[in-house]
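From the sequence below, what's the structure:
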Amino acid sequence: MTDRQKFQIFRAVDAPNLEKTEFQSMSALTAAESAGFGRMTEAGAADGSEVRVLVDIPGFSLVHLWFKEDFPLPLHSHDVDCFYYVVAGSLQLGTERLGPSDSFFVPADAPYTYRAGPEGVEVLEIRQADHWNFKNHAKTQAFYDKAVETITAHREKWRQSKRPALNP
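Got it, this is the predicted structure:
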(Lines give C-alpha, C1' and ligand atoms only; values in the text may rest on other atoms or scores of the structure.)
Protein backbone atom coordinates (compact mmCIF):
# COMPACT_ATOMS: atom_id res chain seq x y z
CA MET A 1 0.00 0.00 0.00
CA THR A 2 1.45 3.38 -0.97
CA ASP A 3 1.35 6.46 1.26
CA ARG A 4 -1.29 7.88 -1.04
CA GLN A 5 -3.60 4.95 -0.30
CA LYS A 6 -3.27 5.21 3.46
CA PHE A 7 -5.59 7.24 5.64
CA GLN A 8 -3.61 10.22 6.91
CA ILE A 9 -4.10 13.19 9.18
CA PHE A 10 -2.24 16.44 8.60
CA ARG A 11 -2.01 18.97 11.41
CA ALA A 12 -1.53 22.65 10.69
CA VAL A 13 0.84 22.96 13.65
CA ASP A 14 3.22 20.60 11.82
CA ALA A 15 2.98 22.35 8.45
CA PRO A 16 6.35 23.68 7.26
CA ASN A 17 6.82 27.10 5.70
CA LEU A 18 6.95 26.77 1.91
CA GLU A 19 10.48 28.16 1.69
CA LYS A 20 11.71 25.30 3.90
CA THR A 21 10.40 22.69 1.45
CA GLU A 22 11.19 21.65 -2.10
CA PHE A 23 7.60 21.97 -3.36
CA GLN A 24 8.22 25.09 -5.39
CA SER A 25 11.06 25.83 -7.74
CA MET A 26 11.62 29.21 -9.36
CA SER A 27 12.38 29.95 -12.99
CA ALA A 28 15.58 31.86 -13.61
CA LEU A 29 15.33 35.56 -12.88
CA THR A 30 16.95 38.35 -14.84
CA ALA A 31 19.46 40.50 -12.99
CA ALA A 32 16.83 43.25 -12.66
CA GLU A 33 14.19 40.83 -11.30
CA SER A 34 16.67 39.36 -8.84
CA ALA A 35 17.62 42.85 -7.67
CA GLY A 36 13.92 43.74 -7.35
CA PHE A 37 13.15 40.68 -5.22
CA GLY A 38 16.23 41.46 -3.15
CA ARG A 39 14.97 45.00 -2.52
CA MET A 40 11.55 43.63 -1.53
CA THR A 41 13.18 41.19 0.90
CA GLU A 42 15.38 43.90 2.43
CA ALA A 43 12.34 46.16 2.85
CA GLY A 44 10.58 43.44 4.88
CA ALA A 45 8.34 41.47 2.49
CA ALA A 46 8.55 38.44 4.78
CA ASP A 47 6.54 40.33 7.40
CA GLY A 48 3.63 40.56 4.95
CA SER A 49 2.97 36.89 4.32
CA GLU A 50 2.96 33.40 5.70
CA VAL A 51 2.87 30.38 3.38
CA ARG A 52 2.61 26.87 4.82
CA VAL A 53 2.34 23.45 3.18
CA LEU A 54 -0.57 21.70 4.90
CA VAL A 55 -0.67 18.52 2.80
CA ASP A 56 2.14 16.93 0.84
CA ILE A 57 1.21 13.56 -0.59
CA PRO A 58 2.31 12.23 -3.99
CA GLY A 59 0.33 14.00 -6.70
CA PHE A 60 -1.52 16.39 -4.38
CA SER A 61 -0.80 19.44 -2.28
CA LEU A 62 -2.67 21.91 -0.10
CA VAL A 63 -1.00 25.20 0.78
CA HIS A 64 -2.30 27.84 3.19
CA LEU A 65 -1.40 31.46 2.42
CA TRP A 66 -1.93 34.46 4.63
CA PHE A 67 -1.21 37.69 2.83
CA LYS A 68 -1.53 40.78 4.95
CA GLU A 69 -3.12 44.05 3.83
CA ASP A 70 -1.95 45.15 0.36
CA PHE A 71 0.83 42.55 0.14
CA PRO A 72 2.47 43.13 -3.29
CA LEU A 73 2.22 39.69 -4.91
CA PRO A 74 4.13 39.84 -8.22
CA LEU A 75 2.46 38.88 -11.48
CA HIS A 76 3.46 35.24 -11.88
CA SER A 77 2.43 31.82 -13.18
CA HIS A 78 2.87 28.17 -12.21
CA ASP A 79 3.39 25.16 -14.45
CA VAL A 80 0.40 23.29 -12.98
CA ASP A 81 -3.30 24.10 -12.56
CA CYS A 82 -4.33 25.55 -9.22
CA PHE A 83 -7.67 26.02 -7.50
CA TYR A 84 -7.89 28.76 -4.85
CA TYR A 85 -10.41 29.00 -2.00
CA VAL A 86 -10.74 32.15 0.13
CA VAL A 87 -10.97 31.15 3.80
CA ALA A 88 -11.11 34.60 5.40
CA GLY A 89 -10.58 38.24 4.52
CA SER A 90 -10.75 39.49 0.96
CA LEU A 91 -8.70 39.93 -2.18
CA GLN A 92 -8.86 41.92 -5.38
CA LEU A 93 -8.39 39.82 -8.53
CA GLY A 94 -8.51 42.14 -11.53
CA THR A 95 -11.90 43.87 -11.28
CA GLU A 96 -13.33 41.21 -8.97
CA ARG A 97 -13.42 41.41 -5.17
CA LEU A 98 -13.50 37.94 -3.57
CA GLY A 99 -14.29 37.12 0.04
CA PRO A 100 -14.84 34.13 2.32
CA SER A 101 -16.04 30.98 0.54
CA ASP A 102 -15.32 32.44 -2.92
CA SER A 103 -12.86 30.62 -5.14
CA PHE A 104 -11.03 30.89 -8.44
CA PHE A 105 -9.14 28.61 -10.81
CA VAL A 106 -5.88 29.46 -12.55
CA PRO A 107 -4.80 27.12 -15.36
CA ALA A 108 -1.17 26.15 -15.77
CA ASP A 109 1.05 28.88 -17.24
CA ALA A 110 -1.59 31.65 -16.93
CA PRO A 111 -0.04 34.80 -15.41
CA TYR A 112 -2.02 36.23 -12.50
CA THR A 113 -1.77 38.28 -9.34
CA TYR A 114 -4.12 39.50 -6.65
CA ARG A 115 -3.96 41.95 -3.79
CA ALA A 116 -5.01 41.24 -0.21
CA GLY A 117 -7.83 43.44 1.05
CA PRO A 118 -7.73 45.83 4.02
CA GLU A 119 -8.12 42.98 6.52
CA GLY A 120 -5.69 40.69 4.69
CA VAL A 121 -6.65 37.37 3.13
CA GLU A 122 -6.25 33.69 3.92
CA VAL A 123 -6.35 31.42 0.90
CA LEU A 124 -6.02 27.69 0.32
CA GLU A 125 -4.15 26.59 -2.82
CA ILE A 126 -5.16 23.14 -4.03
CA ARG A 127 -3.10 21.35 -6.67
CA GLN A 128 -2.99 17.90 -8.15
CA ALA A 129 0.77 18.09 -7.91
CA ASP A 130 3.36 17.91 -5.18
CA HIS A 131 5.82 20.18 -6.99
CA TRP A 132 5.37 23.30 -9.10
CA ASN A 133 7.38 26.07 -10.63
CA PHE A 134 7.01 29.80 -9.93
CA LYS A 135 7.65 31.92 -13.02
CA ASN A 136 7.92 35.64 -12.38
CA HIS A 137 6.22 38.00 -14.87
CA ALA A 138 6.84 41.23 -12.91
CA LYS A 139 9.46 42.73 -15.18
CA THR A 140 9.35 46.47 -14.66
CA GLN A 141 11.36 48.63 -12.31
CA ALA A 142 8.11 50.46 -11.56
CA PHE A 143 6.60 47.29 -10.04
CA TYR A 144 9.55 46.79 -7.69
CA ASP A 145 9.67 50.48 -6.74
CA LYS A 146 5.95 50.41 -5.86
CA ALA A 147 6.32 47.06 -4.05
CA VAL A 148 9.14 48.40 -1.87
CA GLU A 149 7.12 51.53 -1.17
CA THR A 150 4.11 49.39 -0.12
CA ILE A 151 6.24 47.08 2.03
CA THR A 152 7.92 50.02 3.75
CA ALA A 153 4.56 51.70 4.43
CA HIS A 154 2.97 48.52 5.84
CA ARG A 155 5.80 46.64 7.53
CA GLU A 156 5.20 47.78 11.12
CA LYS A 157 1.45 47.23 10.76
CA TRP A 158 2.09 43.78 9.26
CA ARG A 159 4.18 42.79 12.28
CA GLN A 160 1.15 43.48 14.51
CA SER A 161 -1.48 42.02 12.14
CA LYS A 162 -3.94 39.40 13.29
CA ARG A 163 -5.52 36.92 10.92
CA PRO A 164 -8.77 38.07 9.32
CA ALA A 165 -11.99 36.94 10.99
CA LEU A 166 -13.55 33.80 9.60
CA ASN A 167 -16.90 34.10 7.87
CA PRO A 168 -19.59 33.54 10.56
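
How about the secondary structure of the residue positioned nearest the centre of the chain?
Nearest residue to the geometric centre of the chain (CA atoms, centre = their mean): residue 65, 5.2 Å. Assigned with DSSP: H, G, I helix; E, B strand; the rest coil, residue 65 falls in the strand class.

next helix or strand past the lowest-mean-pLDDT helix or strand in the chain?
Here the helix or strand of the chain ranked lowest by mean pLDDT, DSSP states H and E is strand 24-26, holding a mean of 71. Going down the chain from strand 24-26, the next helix or strand is helix 31-43, by DSSP states H and E.

And that following helix, what does it pack against?
Under the contact criterion of 3 or more CB pairs under 8 Å, 6 or more residues apart in numbering; DSSP states H and E, the helices and strands touching helix 31-43 comprise helix 141-160. For the C-beta atoms, the positions are set from N, CA and C on the backbone; glycine is no exception.

tell me which residues in the helix it packs on are buried?
By 16 or more other CB atoms under 10 Å, the buried positions in helix 141-160 come out as 143-144, 147-148, 150-151, 154-155, 158.
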